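J.: The sequence and its predicted three-dimensional model are supplied below.
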Amino acid sequence: MQRKLIQFKERGLYIAPIDTYIDPWRPVGKAIITHGHSDHARRGHGAYLCHDDSVNILKYRLGEDIKVQGVPYDQVLDIDGVKISLHPAGHIIGSAQVRVEYRGEIWVVTGDYKTEDDGLAVAFEPVKCQHFITECTFGLPVFKWKPQEVVISEINEWWTENVRLGRPSVLSSYALGKAQRVINSVNHDIGPILTHGAVENTNEVLRASGIDIKETIRVTPDTDKSLFNKALIIAPGSGINSPWLNKFKNASIGIASGWMMMRGARRRRAADRGFVFSDHADWLGLNEAIKATEAEYIYPTHGYTNVFSKWLNEQGYIASPVETEYEGEVVE
Amino acid sequence: MKLFANLFQQLDRTTKTTVKVKSLAKYFDTASDTDKVWTIALFTHRRPKRNVKTSLLREWAAEYAGIPLWLFEESYHIVGDLAEAISLIIDDSQQAMDKSLTTYIEELIDLKDKEEHVKKEYVLKAWNSMNQTERFLFNKLLTGGFRIGVSSKLIVKALSKSTGQEENVISHRLMGNWDPSTISFEDLILSESGLDEISKPYPFYLAYALEAEPEDLGATDEWQAEYKWDGIRGQLILRDGELFVWSRGEELVTDKYPEYEKLKDYLPDNIVIDGEILAYIDGKPLSFNMLQKRIGRKKVGKKLLQDCPVILMAYDILEYQGKDLRSKSTQERRDILNGICKNLPQEAPIRISPTIEFADWDVLKELRSKSRALDCEGIMLKRKSSEYKIGRKKGDWWKWKVDPMNVDAVMIYAQRGHGRRANLFTDFTFAVRNEEGGLVPFAKAYSGLTDKEFKEITSWVKKNTRERFGPVCSVHPELVFELAFEGIARSTRHKSGIALRFPRILRWRKDKNPNEINTLEDLENLLTK
C-alpha cells in the first residue's frame, strides 16, 4: 500500500519525507503551527514554523527562547522537494492553512478556520487540493451563524441596556482572537472597554506587532471603579469562573461562543446572555469550504467527526474521521 | 406569540427568581385573559394533548431543512430537545406574522382529527412564519413537556403580585382539574366561588433533608418521628361521596389505584388525608421497584392488582368534616387521624403510619440505621406544634434518610451528554468484577461530578476510546469512581442480575486503581441486608 503523504501519528499529523509535524500534541523536532491557540501550538518542539503574525504570539505563549521562523501567506518553501505554503484560515490573526505538495500529491490541513471575514484576521481563502484535513467543531446542521454585524449589534444592545441599568457588562471570550474581534467591532461610544490581564497581555503583543487593536483599559486594583457600570469588560472563561469576577458587583454575564446556539449550553454556564459568536466555520461554511477545495478525500478532525464524515460520504466524497487531540471551541 | 416569546426570553436569560417573578407579573398585567390562562396552564404542566406524532415532526423537519433523517436524528441527540432541534435546523423566516398564543393552541387542538397532509401543511406554514424562539415555543406546544425553568411556585408569586391576592389562595386555585380551554381567567384566579371545588387538593408540605445532627433540633419530646416510606406521596380526598387521589406532581391518579375506591365505605365523608401510596402485602411494604410497575400504567390489570396491591400509609389529615385543619398543630391532627383509623378492619386499604417512641436521639439513630431492613428510606421528623405549611419549608419537617450505600466501580462506557452538556462526556456505565475477574456492567450514572471533572474526563475519554457504538464509546477500564445509591434489588432485566435505585457518582477515586474495585459478590451481599 502506498504510504500517505500526511500520516496520522501518535504525536500528530506527520509529513514523513521531511520528518515534520503539523500542530503536534507531543514534543517533536520540527513543527508547522497553524495558529497560536494552545491546543495547536504546544510547548517543547525543537523548531517552529508559522505565519509572520503568529511569531510574537508563539513567543509570548511558549517562551521568548523558542526557535521560530515566520513566513507570509502564499510563499512557497521548498524543503527537500516538499513544497510547503501557508494560506489564510480566517480563524484568528496569523491563522493559516498548511498546503503540502510532494510528487504531484497535494494536501491541505486547515487547523481551525471560519469562512466569514471578521475584519481582523486575513479572510479565509479556499486552496485546491486532493486531500483535505478539515476541522468540524460545528459540523452539524443546527449550527448556523448570523452575520458578524448582527451579533455585534446584539452585544451593543445588551451593553447599552446594562449601562442604562447601571450594571457592568462582563463578556467571556477567548483571550486570543475573539476578544480582539469584539474590541474592534463594538461601538466604543457606549462606554469604555476594560480587559482582564490575559486579554490585555495579548492585546499588547498584537499591538507591538503592528496590528491595530482599538483602545482598551487593563483592570488593575487601581482602576477607577466608577468606570465599571458603564464598561464592557472582556475576560477569558477562566476569569469569569474566578473570584476576579467579584470586583464587578451585580454584573450581567455574557458568553460569546458558537455553543451558545444551544439553550442547554447557555443554561449550564448560568450566563445571562449567550451570543452565538464563533471563530469556527458553521455548517454551511464547512460544506462550502470543502466544496471549494475540489478535494476527493476529506479527513474531518475535532468535532462531530463521525457524523460529519458520514454526511460527506453521502455527498460523494471519500471521508474518514481522524482522531486528534485538538479541542475545537471550549466553553470554560 | 411575540408577547409570549418575549416573556420566555426574559425568563430564560436570568437565573434570579426576583427577575423572573417581575417579568411574569408584567406579562400577567398586559396579556389577554385567554393567553394568561394558557400561560398558567403551560407552566403548571397542563398542556394541550399532542395531536401530531413526534416521528412525523422529525421527518418533516428533516425534509424541510433538506437533510437526511439520520442527520436530523444525530443533531437532535446532541441538542437533546426535539422542539429546540427543529427550531434550529429550520432557517428563520423573512415573512414573520403573528398570532396569539391562544390562537396557536386552538389551531393545534383543531388539528386532532385532520388528515396527515393537512397537519403537515399547517405545521410547515407555521415554522416558516416564525423566528427561532417562536418556533421553539410553538414546537414545545406541539411536543409537550413545557419545562423551561418556571415552577408553579413562581407562577403563584407572579399572579399574587399582579392580582394582589394571597399566594396560598392562588396556589390552591391552581391545583386540581381545571380545563384551560374552557375556564376564564376570572373563574380560575379572580372569582370568589371558583368551580368544582370538591376535587381540589391542598398543596403538599414538603420536608427538607436534615443535614445537621438531630441533637440540634432540641428536646426529643417536641418531635414526632415516623418511618420514611418508600412509595409515592399522595393525597386522598373524600368529599360529597366522591373519592380523588392526587400524587405530589399534582396529577390526579384515582384511576391508577382502584383499591382506594373501597375507602368510601370505611372513612367518613369530607376528609382529606396525606400519606404514602405504598405497595403492601401481608402487613409489609413491597419494594419501590414493585410499585414502579404500576406508576406508568393508566389502567391496571388483575394480575398486577393481585401481585402488587396498594394501601395508603396515612400520616396526616388536612380536612375533617369539611374543615381545613392545616392551621392546627401536627399533634392535634395526628390525634384526629388516630381517631378515624383506629377501628378500621384489615381489609380497608389504609394504615396509619406509626409514630416511633424514642426517649433520646441515640435510640432514633439506631432505628434509622436499621430502617432499610423495613424497606424504609429513613426517618421523618415533624415538630409536634407545627402547622401544615405549603411547599418545601425549612424548620418543622425534616427527612432524615439512611446513608446511601456505596460501591467502587470502574468506568467502561462513556457517552456524550445532550442539551446542557452536549460537548462533554457525561453519561457513564460502570462495572464491578465477577468471580472470574471479568467486568460486569451494573449501573449507569451521570450526576455528581463538577464541570471541571467532566472536562478532565472528556479529554481522557477522547484519548482512551477503544470502540465506538454510535454515540457510545467503550473506554479502557482505568478510571475508578465511588457510586452511591439508595437501594438495590434483584433484576432479570439487567446482565448483572441487580438493579440500583438512584445511582449517582459520589467522587472520582483517583487514588484507586481498577484492581481495587468492588465485586459482584459484594453487591449481592447488600441484597440480603
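T.: Yes, it's here.
J.: what about residue 24, how many residues close to it?
T.: No chain in the question, so chain A it is. A:P24 has 25 neighbours, counted by other Cβ atoms under 10 Å in any protein chain shown. Placement of C-beta: from N, CA and C, glycine included.
J.: You answered for a different chain; I wanted chain B.
T.: Quick note: B:L24 (other Cβ under 10 Å) scores 24 neighbours.
J.: Repeat that for B:T355.
T.: Neighbours of B:T355 (other Cβ under 10 Å): 17.
J.: For it, grab phi and psi.
T.: Backbone torsions of B:T355, given as degrees, to the nearest 10, read phi -80, psi 150.
J.: Next: B:V21.
T.: Main-chain dihedrals, B:V21, degrees, to the nearest 10: phi -60, psi -40.
J.: That one touches B:A158, doesn't it?
T.: Yes. In terms of Cβ atoms under 8 Å, B:V21 counts as a neighbour of B:A158; the distance is 5.0 Å.
J.: These two: which has the busier surroundings?
T.: Counted by other Cβ under 10 Å, B:V21 and B:A158 do not tie: B:A158 has more neighbours, with 25 against 22.
J.: can you list contacts of the helix or strand harbouring the more buried one?
T.: Here B:A158 sits within helix B:152-163, counting by DSSP states H and E. Identification of contacts with helix B:152-163 by Cβ atoms under 8 Å, 6 or more residues apart in numbering or on different chains yields B:17, B:20-22, B:24-25, B:27-29, B:40, B:43-44, B:165-167, B:170-171, B:174, B:189-190, B:250, B:391.
J.: 7 Å instead?
T.: Residues from elsewhere that reach helix B:152-163 (Cβ atoms under 7 Å, 6 or more residues apart in numbering or on different chains): B:17, B:20-21, B:24-25, B:28-29, B:40, B:43-44, B:166-167, B:170-171, B:174, B:189-190, B:391.
J.: ok, now stretch B:210-224?
T.: By Cβ under 7 Å, 6+ apart, stretch B:210-224 touches B:330, B:334, B:355, B:358-361, B:364, B:381-385, B:398-400.
J.: Name the nearest of those relative to B:L142.
T.: Among these, B:K399 lies closest to B:L142 (Cβ to Cβ), at 38.2 Å.
J.: Surely that closest one is in a strand?
T.: Yes. Counting by DSSP: H, G, I helix; E, B strand; the rest coil, B:K399 is part of a strand.
J.: I'd like to know how far the closest residue to it other than its chain neighbours sits from B:E357.
T.: In space, and not counting its chain neighbours, B:K399 is closest to B:A207: 4.4 Å by Cβ to Cβ, 6 or more residues apart in numbering or on different chains. Separation of B:A207 from B:E357 (Cβ to Cβ, to the nearest Å) stands at 21 Å.
J.: Between those two, tell me which one has more neighbours.
T.: Shown here are B:A207 and B:E357; by other Cβ under 10 Å, B:A207 has more neighbours (18 against 10).
J.: Pull the contacting residues for the more buried one.
T.: Residues in contact with B:A207 (Cβ under 7 Å, 6+ apart) are B:380, B:397-399.
J.: mind putting the residues you listed in TSV, distance to B:E134 and pLDDT included?
T.: Putting the contacts of B:A207 into TSV (distance: Cβ to Cβ, whole Å; pLDDT from 0 to 100) gives the following:
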residue	distance to B:E134	pLDDT
B:M380	46	95
B:W397	43	94
B:W398	45	94
B:K399	42	93
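J.: Type out the PyMOL command that picks the buried ones from the residues you listed.
T.: To isolate the buried ones among the contacts of B:A207 in PyMOL, judged by 16 or more other Cβ atoms under 10 Å in any protein chain shown, type:
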select buried, chain B and resi 380+397+398
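J.: Now do the domain split for chain A, please.
T.: A:6-142+A:280-319, A:148-275 (automatic domain parsing).
J.: Stretch A:178-190: which residues count as buried?
T.: By neighbour count on 16+ other Cβ under 10 Å, the buried set for stretch A:178-190 is A:178-186, A:190.
J.: Other residues contacting that stretch?
T.: Against stretch A:178-190 from outside (Cβ under 7 Å, 6+ apart): A:118-120, A:148, A:152, A:155-156, A:159-160, A:163, A:171, A:173, A:193, A:199, A:202-203, A:206, A:213-214, A:216, A:232, A:234, A:256, A:277, A:279.
J.: May I see the PyMOL selection of the buried members of the residues you listed?
T.: Here is the PyMOL command that selects the buried residues among the contacts of stretch A:178-190 (16+ other Cβ under 10 Å):
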select buried, chain A and resi 118+120+148+152+155+156+159+163+171+173+193+199+202+203+206+213+216+232+234+256+277+279
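J.: for stretch A:199-210, what is the average pLDDT?
T.: Stretch A:199-210 shows a mean pLDDT of 95.
J.: now that stretch: how far from the chain's centre is it?
T.: Centre-to-centre, stretch A:199-210 and its host chain are 16 Å apart (Cα atoms, centre = their mean, to the nearest Å).
J.: Return it as PDB; C-alpha atoms alone will do.
T.: The C-alpha coordinates for stretch A:199-210 follow below in PDB (Å, rounded to 0.1, in the frame of the first residue of the first chain):
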ATOM      1  CA  VAL A 199      -6.700  39.700  27.300                       C
ATOM      2  CA  GLU A 200      -4.700  42.800  27.700                       C
ATOM      3  CA  ASN A 201      -1.400  41.000  27.500                       C
ATOM      4  CA  THR A 202      -2.500  39.500  24.200                       C
ATOM      5  CA  ASN A 203      -3.600  43.000  23.000                       C
ATOM      6  CA  GLU A 204      -0.100  44.300  23.800                       C
ATOM      7  CA  VAL A 205       1.600  41.600  22.000                       C
ATOM      8  CA  LEU A 206      -0.500  42.200  18.900                       C
ATOM      9  CA  ARG A 207      -0.200  46.000  19.100                       C
ATOM     10  CA  ALA A 208       3.600  45.600  19.300                       C
ATOM     11  CA  SER A 209       3.500  43.500  16.200                       C
ATOM     12  CA  GLY A 210       1.800  46.400  14.400                       C
END
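J.: Break down the stretch 101-250 of chain A into its helices, ranges please.
T.: A:148-165, A:178-185, A:197-208, A:237-240 (DSSP state H, counting those that start in this stretch).
J.: re the thing from before, same list (the buried residues of stretch A:178-190) but as JSON lines, adding pLDDT.
T.: Shown next, in JSON lines, are the buried residues of stretch A:178-190 (pLDDT from 0 to 100):
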{"residue": "A:K178", "pLDDT": "96"}
{"residue": "A:A179", "pLDDT": "97"}
{"residue": "A:Q180", "pLDDT": "97"}
{"residue": "A:R181", "pLDDT": "97"}
{"residue": "A:V182", "pLDDT": "97"}
{"residue": "A:I183", "pLDDT": "97"}
{"residue": "A:N184", "pLDDT": "97"}
{"residue": "A:S185", "pLDDT": "96"}
{"residue": "A:V186", "pLDDT": "97"}
{"residue": "A:I190", "pLDDT": "97"}
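J.: quick check, nearest of those to chain B?
T.: A:K178 (16.7 Å; Cβ to the nearest Cβ).
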